[in-house]
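Chemist: when you get a sec, could you give me coordinates for this:
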Amino acid sequence: MNDESRPRPVFDPGIPVADRALLAAAPERLVAASLPAPARPALTVATVVARLLWIPAFAVFYGVLPGGWLRVCFLASLDQDDLVGGAMRWGRLPILAMMLTPALQVLLLLLGQTDVAVLLAAAGFTGWVIGALRHLREPAAARAAREHHGRYLLPADFDRPAARLLIRAQRAVDAVLGSQSHRAGLLDDVGNTVVLPRQEWAIAATLAEHTRLRRERVLQQPERLSARVRALLEPQDRALALSARSVTVRIEALEAYARRAGEADDAYHESRVLAALPEQNARYRDLLAGTVGDAMAGAEIRGMAEDARRTERALRERAADESATASELAIPDDAGPPAGPAPAGGPETL
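Modeler: As a prediction, this is how the structure comes out:
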C-alpha cells in the first residue's frame with residue numbers, strides 16, 4: 001500500500017496524554033499489535049563493562065577537563081554555521097558548567113585555593129556521572145511502546161479491506177475536527193474532541209480484529225478442507241460479514257456527520273460574508289460619491305441603500321437559521337459500538 005492508502009497509527013484514548021505524545025513523536029519505536037511485544041532491554045556483562053569505562057571517561061572529559069571548549073572549538077564540524085548549537089543539545093546548565101568549570105579551576109589554582117579547586121573538580125565529575133546514568137535508562141518512548149503494546153494500532157495491523165474502511169473513518173474525523181464551524185464553536189467542540197478519538201479507536205480495534213480473523217482463515221487453507229468442515233466454518237464467516245457491515249454503517253454515520261460539518265462551514269462562511277456587506281456597501285457608496293457625477297451617483301447610492309436594507313433582513317434571517325442549525329449539529333447517535341471483539345489486551349471500546 002502506498003502512503004495515501006495507509007491509515008495513520010491509532011492510539012487508545014485511555015493511554016495517558018504524556019505517553020500518547022511520546023508514542024506519536026517516535027513512530028519508529030512502535031510495534032504492531034499483531035507482532036510480539038518488545039522485550040525489556042537486557043543488561044549484559046559487556047554493556048556493564050563498557051559503561052564502567054565510558055562513564056568515568058565521559059565525566060572527566062566534560063566535568064573536569066575543558067571538554068566543552070574542545071567540543072565547540074575543535075571537534076565540531078567547521079562546515080556548521082553555529083558551532084555552539086550542536087553542544088547546546090545538552091541544555092544550558094550543562095553547557096555553562098562545562099565552559100566555566102575549567103576556567104574556575106585554573107583561577108582557584110592561581111589563587112592558591114587547591115582544596116576548593118579539587119572540590120569543584122569532584123563536583124563536576126559527580127554531576128556528569130549522574131547525568132550520564134540518567135541517559136542510560138530505557139528511553140521514555142521505548143518504555144511507552146513496550147508498556148502500551150496492543151493499545152496502539154499501526155498500518156501493519158490492517159489488511160486492505162480494513163485499511164480502506166479505517167482511512168474513511170479517519171478522513172471523516174479529520175474533516176469534522178478541521179472544520180471552521182468546529183473551531184468557531186458552532187459544533188459540540190468538547191464532545192468532538194473527546195468522542196471522535198474514541199470512535200476512531202473503537203472502529204480501528206474492530207477492524208484489526210477482522211484482519212486477524214481473515215489472516216487466520218487464510219492460514220487454515222479452506223480449499224484443503226472437506227465440505228463438512230467448511231460448512232462448520234460458515235457461521236464464522238457470516239458473523240465476520242455481519243460485523244463488517246456494522247462497522248461500515250458506523251463509518252457512514254461519521255461521514256454523514258462530516259458532510260453536515262461541511263454544510264455548516266458553508267453556512268458559517270456565508271454568514272461572515274453577509275455580516276461584512278453593510279460595511280462594504282458603505283465603502284462602495286463613499287467610492288461612488290467621490291468619483292461619479294452627482295446625478296449618476298445619486299441613483300447608484302439609492303440602489304445600494306436598498307441593497308443594504310435587503311442585507312440587514314438577510315442577516316436577521318441567517319441569525320435565526322444559525323441558532324437552529326447549531327442545535328441540530330451533534331455527533332450522530334447511531335454511531336454506536338460496532339459488533340465484533342476488541343483486540344486482545346486492549347481496553348473495552350467505547
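
Chemist: pull stretch 117-135 out as CSV, backbone CA atoms only.
Modeler: Output of stretch 117-135 as CSV, limited to C-alpha atoms (Å, rounded to 0.1, in the frame of the first residue of the first chain):
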residue,chain,number,x,y,z
ALA,A,117,39.7,23.5,43.0
VAL,A,118,39.7,19.8,43.9
LEU,A,119,36.2,20.0,45.4
LEU,A,120,35.0,21.8,42.2
ALA,A,121,36.5,19.1,40.0
ALA,A,122,34.9,16.4,42.2
ALA,A,123,31.5,18.1,42.0
GLY,A,124,31.8,18.4,38.2
PHE,A,125,32.8,14.8,37.9
THR,A,126,29.9,13.6,40.1
GLY,A,127,27.4,15.8,38.2
TRP,A,128,28.3,14.4,34.8
VAL,A,129,28.3,10.8,36.1
ILE,A,130,24.8,11.3,37.4
GLY,A,131,23.8,12.9,34.0
ALA,A,132,25.3,10.0,32.1
LEU,A,133,23.5,7.5,34.3
ARG,A,134,20.2,9.2,33.7
HIS,A,135,20.6,8.9,29.9
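
Chemist: now that stretch: buried residues?
Modeler: Within stretch 117-135, the residues scored as buried using 16 or more other CB atoms under 10 Å are 117, 120, 121, 124, 125, 127, 128, 129, 131, 132. C-beta: built from backbone N, CA, C; applies to glycine.

Chemist: got the contact list for that stretch?
Modeler: With CB atoms under 8 Å, 6 or more residues apart in numbering as the test, stretch 117-135 has contacts from 54-56, 58-60, 62-64, 94, 97, 101, 104-105, 108-109.

Chemist: again, only using 6 Å
Modeler: 55, 58, 59, 62, 63, 64, 101, 105, 108, 109 (CB atoms under 6 Å, 6 or more residues apart in numbering).

Chemist: following the one helix or strand in the chain whose mean pLDDT sits lowest, which helix or strand shows up next?
Modeler: Here the helix or strand of the chain ranked lowest by mean pLDDT, DSSP states H and E is helix 83-87, holding a mean of 48. Next helix or strand after helix 83-87 toward the C-terminus (DSSP states H and E): helix 92-110.

Chemist: packing partners for that following helix?
Modeler: helix 67-70, helix 114-135 (3 or more CB pairs under 6 Å, 6 or more residues apart in numbering; DSSP states H and E).

Chemist: quick one, the longest one and helix 92-110 angle?
Modeler: Computed with axes from the mean of the first three to the mean of the last three CA atoms, to 10 degrees, the direction of helix 114-135 lies at 160 degrees from that of helix 92-110.

Chemist: how far away from the center of its chain is helix 114-135?
Modeler: 40 Å (CA atoms, centre = their mean, to the nearest Å).

Chemist: quick one: buried residues of stretch 264-278?
Modeler: Buried residues in stretch 264-278 (16+ other CB under 10 Å): 264, 265, 267, 268, 271, 274, 277.

Chemist: likewise for stretch 166-173?
Modeler: 166, 167, 168, 169, 170, 172, 173.

Chemist: nearest residue to the first one in space, please, no chain neighbours.
Modeler: The spatially closest residue to residue 166, leaving aside those adjacent along the chain, is residue 7, at 4.3 Å (CB to CB, 6 or more residues apart in numbering).

Chemist: which of the contacts of stretch 117-135 has the most neighbours?
Modeler: residue 63 (27 neighbours; other CB atoms under 10 Å).

Chemist: who touches that one in this structure?
Modeler: Here residue 63 is in contact with 124, 125, 128 (CB under 6 Å, 6+ apart).

Chemist: closest one to residue 221 out of these, please.
Modeler: residue 128 (60.4 Å; CB to CB).
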